[in-house]
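Okay, here's the prediction I keep looking at, along with the sequence it came from:
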Amino acid sequence: MGATFQGLDIAKSGMMTYNASMQTAAHNLANVGTTGYSRQVVKTAAQTRNVSSIKVEGSGVYVQGITREHNDYYDVKYGRANATYYKYNTYTYYLNDIQKVIYAKEDNQAGITTSFDEFCKRLTGTSTDAGSETRRKEIVSYAETVSSFVQETATNLKALQEEANEEIKTTVEQINAIAEKVASLTKQINTLEAYRNTAHDLRDQRNVLIDQLSSYCNVEVKEKEPADGVGMNQYYVYVDGTILVDTENVNKMKVTESETTKNINDISGLYQVTWEDGSPFSPYSATLGGKLQALFQVRDGNNTTTLKGKGDSLTNDADGNLVLTMKNANINDVNLLNIPAQDGELTINNFTYAYDHFDVHVEEDGSFTYQFTLKNNISTKQATILNNAVSKGYEVTIGDSVDYKGIPYYMAQLNEFVRTYAQRYNDVHKSGYDDYGNAGIDFFNATVAATGDNYIFTTKVDGKEHSFSSLATPEANGSYTGSYYYMTAMNFCVTDAVSDDPRLVACNSESLPGKSENLNLKKLSDLKDDSKMFLHGAPDSFLQSLTADVGVDGQKAVSLEQSQKNIRDAVDVQRQSVSGVDEDEETESLMTYQQMLFNQYKVLSVMNEVLDKLINQTAV
């Protein structure tokens, strides 16, 4: 039998429970538009009371707790999809800009391909007429246009590389800032929950930060409760397997400017990232993900075209510097060689060393032997390790092998084009004679950075390159003679003497002062159809392949970006189906709880009347 006043207790429990339910529904409605908010639900249960150690049912209702409707599985799926989406979103942005730089631009504006075609047309047209000075001027003018577009394209590519480099720094700073906020929220959550309070709203805020973090890189989150139930939860955030947040502590990423470069046309001051606790950071890891992975690949991607060879010997030069000799190299053609002329780096047996410059010795069979003069900041211990690796013939790699067609890849393609075409063109040009009856000189050239003069390029002998040093040095007369390695898309130009005097264009096949038979010019014109000049075929085919590469990669990135956006949005819909707030549903719940609360008032009123009759009026 229930106690006399039990009805009042039942009404009281109902009032408290439905008041809490109504307040929670109101809280949900207030946060309908709050990003990352998870719907909260009051969990109730029938209340019992103990009478002589016996549990008696029918004692009202009580609040077990307020739960947060959330599914961690969907958070993990969303984070992965978000990281992949932002990776391709970044690819799309930069490939679109690379496309604009390399393509013969929209609306039929001129570009490298268009200007080169026009130059070839002028060669063909001139070779069939009398070879007037006007025609020669046209040839020089259109050649200068080609070189101008090549230089402009290379300059714009370097500007994109610099943009990606700065964005890497900004991205790392944002990752660190988010990590600090996550650690701060974790401290607040642990403080509240240590006193049995709920921290649902703070947990939602922390999840929003994790979502933001996933746009920059793949993240993994783990939360561990204390084994004995005493103490605080441990909360860990990992980036590519390395801990970023350890509950209330942050292991920050550090950004520093590198003293070395990876490729010959790289900008100076490339940022490198390390972990504050000394853990290794792998910028080209396939699992890094997000915007950060894309930025590194765009900035440094060379399609794995790195110079590799076998360590052969380690000696000292006259100045006491260590010189590492490398043989059996995979690159034996200066037109394909794009390692830095100085301040580069090489890796052997997983150790990296900076080199000051290098020399190339061309063997009888045409193969290259490389000699890298290392910087003198190597300790005795490092030198011993290096000597051991070289003596065992370990592989030497120059720079990093990055499996992506980024800015260095397209710069290398431009270098290959101008070096190969210029070398073939100059060889033919020098075999002819100009309008003065003199033997031709180099038509295409490169600008010496130190003086602004032109190089005098060496010609192959029996198809074999000349040995050279990466640092060009002047001859006794002040001129610079050397390899086509010195020519890049950045310094490619028409020889100054030819620009100043178009009569130096070697149109004739023999010395005919003041006359034109244009047979040598015909050979120059025919170079555009030389299908053996490049692996891809004739010069036009090479340029078309180059523009096709960036076009195909750009379309692929756009397609994958949209696909990943659809996947991410679909996962978010699933997540919202669990944790999202439905305004109509919460409004209905609010009205229901209000009515239930009103009913408890009615119960209280009835019980008051009953007790009044029982206590005050029965005894009369």
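Done, it's in. Numbering: from 1, shown residues only.

what's the neighbour count on E588?
12 (other CB atoms under 10 Å). Glycine gets a C-beta too; all of them are placed from N, C-alpha and C.

what mean pLDDT would you report for the helix or strand that contains it?
Taking DSSP states H and E as the definition, E588 sits inside helix 583-611. For helix 583-611, the mean per-residue pLDDT is 85.

what residue ranges in the stretch 51-200 of the chain score low on pLDDT?
Within the stretch 51-200 of the chain, the stretches falling below the threshold (pLDDT under 70) are 51-56, 104-110, 126-131.

what ranges do the helices span in it?
Counting by DSSP state H, counting those that start in this stretch, the stretch 51-200 of the chain has helices at residues 72-102, 112-126, 133-194, 200-214.

ok, for T90, nearest residue in space, not its chain neighbours?
Ranked by CB to CB, 6 or more residues apart in numbering and with sequence neighbours excluded, the top spatial neighbour of T90 is A294, at 3.6 Å.

Check the gap between the closest residue to F444 other than its chain neighbours and T67 for me.
In space, F444 comes closest to A422 once its chain neighbours are excluded; the distance is 3.7 Å by CB to CB, 6+ apart. Distance from A422 to T67, counting by CB to CB, to the nearest Å: 72 Å.

Give me the more crowded residue out of the two.
In terms of neighbours (other CB under 10 Å), A422 is the more surrounded of A422 and T67; the figures are 24 against 15.

circling back to that earlier point, pull the CA coordinates from the helix or strand harbouring the residue nearest to T90 and hand them back as PDB.
Element membership of A294 [criterion: DSSP H and E] is helix 290-300. What follows is the C-alpha trace of helix 290-300 in PDB, where atoms were taken according to Å, rounded to 0.1, in the frame of the first residue of the first chain:
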ATOM      1  CA  GLY A 290      44.000  17.100 -46.900                       C
ATOM      2  CA  LYS A 291      45.100  20.500 -48.100                       C
ATOM      3  CA  LEU A 292      48.600  20.100 -46.600                       C
ATOM      4  CA  GLN A 293      49.400  17.000 -48.700                       C
ATOM      5  CA  ALA A 294      48.200  18.700 -51.900                       C
ATOM      6  CA  LEU A 295      50.300  21.800 -51.200                       C
ATOM      7  CA  PHE A 296      53.500  19.800 -50.800                       C
ATOM      8  CA  GLN A 297      52.800  17.800 -53.900                       C
ATOM      9  CA  VAL A 298      52.000  20.900 -56.000                       C
ATOM     10  CA  ARG A 299      55.000  22.700 -54.700                       C
ATOM     11  CA  ASP A 300      57.500  19.900 -55.000                       C
END
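
The next helix or strand after that helix pairs with which strands, parallel or anti?
Per DSSP H and E, helix 290-300 leads on to strand 307-316 as the next helix or strand towards the C-terminus. The strands that strand 307-316 pairs with in its sheet are strand 322-327 (antiparallel), strand 395-398 (antiparallel) (by DSSP bridges).

okay if I get the ones you listed as JSON lines plus mean pLDDT and distance to K252?
Compiled in JSON lines, the strands paired with strand 307-316 are given as follows (pLDDT from 0 to 100; distance: least, CB to CB, whole Å):
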{"stretch": "strand 322-327", "mean pLDDT": "96", "distance to K252": "35"}
{"stretch": "strand 395-398", "mean pLDDT": "97", "distance to K252": "29"}
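
Figure out which of those strands is closest to T48.
Nearest to T48 among the strands paired with strand 307-316 is strand 395-398; the distance by CB to CB comes to 73.5 Å.

In the next helix or strand after the closest one, which residues are buried?
Past strand 395-398, heading to the C-terminal end, the next element that is a helix or strand (DSSP H and E) is helix 407-430. Along helix 407-430, these residues count as buried under the neighbour rule (16 or more other CB atoms under 10 Å): 407-426, 428-430.

Could you do stretch 223-238 as well?
Of the residues in stretch 223-238, those buried (16+ other CB under 10 Å) are 232, 235, 237-238.

And the contacts of it?
Stretch 223-238 is contacted by residues 179, 182, 186, 189-190, 193-194, 210, 213, 219-222, 243-247 when judged by CB atoms under 8 Å, 6 or more residues apart in numbering.

tell me the contacts of the residue nearest in space to the middle of the chain?
Averaging the C-alpha coordinates of the chain gives a centre point, and the residue nearest to it by CA atoms, centre = their mean is L295 (1.7 Å). Contact criterion CB under 8 Å, 6+ apart gives 90, 164, 167-168, 171 as the residues in contact with L295.

Now do the contacts for P340.
Taking CB under 8 Å, 6+ apart, one finds 260-264, 266, 399, 470 in contact with P340.

Confirm that it sits in a strand.
No - the assignment for P340, made by DSSP: H, G, I helix; E, B strand; the rest coil, is coil rather than a strand.

gap between it and T113?
Remark: distance between P340 and T113 (CB to CB) = 29 Å.

Report whether the expected contact of G554 with Y93 is present.
No - using CB atoms under 8 Å, G554 makes no contact with Y93, being 10.2 Å away.

So which bits of the helix holding E588 are buried?
Within helix 583-611, the residues that qualify as buried are 586, 589-590, 593, 596-597, 600, 603-604, 607, counting by 16+ other CB under 10 Å.

Name the nearest residue to P513, ignoring sequence neighbours.
Using CB to CB, 6+ apart and skipping the chain neighbours, the partner closest in space to P513 is G437 (3.6 Å).

Pull the number of nearby residues for the one you found.
Residue crowding around G437 was assessed by other CB under 10 Å; the count is 13.

and it, which of the three is it?
coil.

any idea how far it is from K522?
Distance, G437 to K522, using CB to CB: 19 Å.

can you check D240 too?
From D240 across to K522, the span is 59 Å (CB to CB).

In terms of neighbours, single out the busier of the two.
Ranked by neighbour count (other CB under 10 Å), D240 and K522 place D240 first, with 20 against 16.

Quick check: phi and psi at the closest residue to the more buried one other than its chain neighbours.
Ranked by CB to CB, 6+ apart and with sequence neighbours excluded, the top spatial neighbour of D240 is L288, at 4.9 Å. In terms of degrees, to the nearest 10, the main-chain angles of L288 are phi -60, psi -50.

can you tell me which residues contact L288?
Taking CB under 8 Å, 6+ apart, we find L288 in contact with 217-218, 239-240, 282, 296.

Check for me that G344 belongs to a strand.
Yes - inclusion of G344 in a strand is indicated when three-state DSSP is applied.

Report the beta-bridge partners for the nearest residue to A329 once chain neighbours are set aside.
Among residues not flanking A329 along the chain, G309 sits closest, at 3.8 Å (CB to CB, 6+ apart). According to DSSP bridges, the residues that bridge with G309 are V396.

Does D442 touch N426 like I think?
Yes - the pair D442 / N426 is scored as a contact, 4.7 Å apart, by CB under 8 Å.
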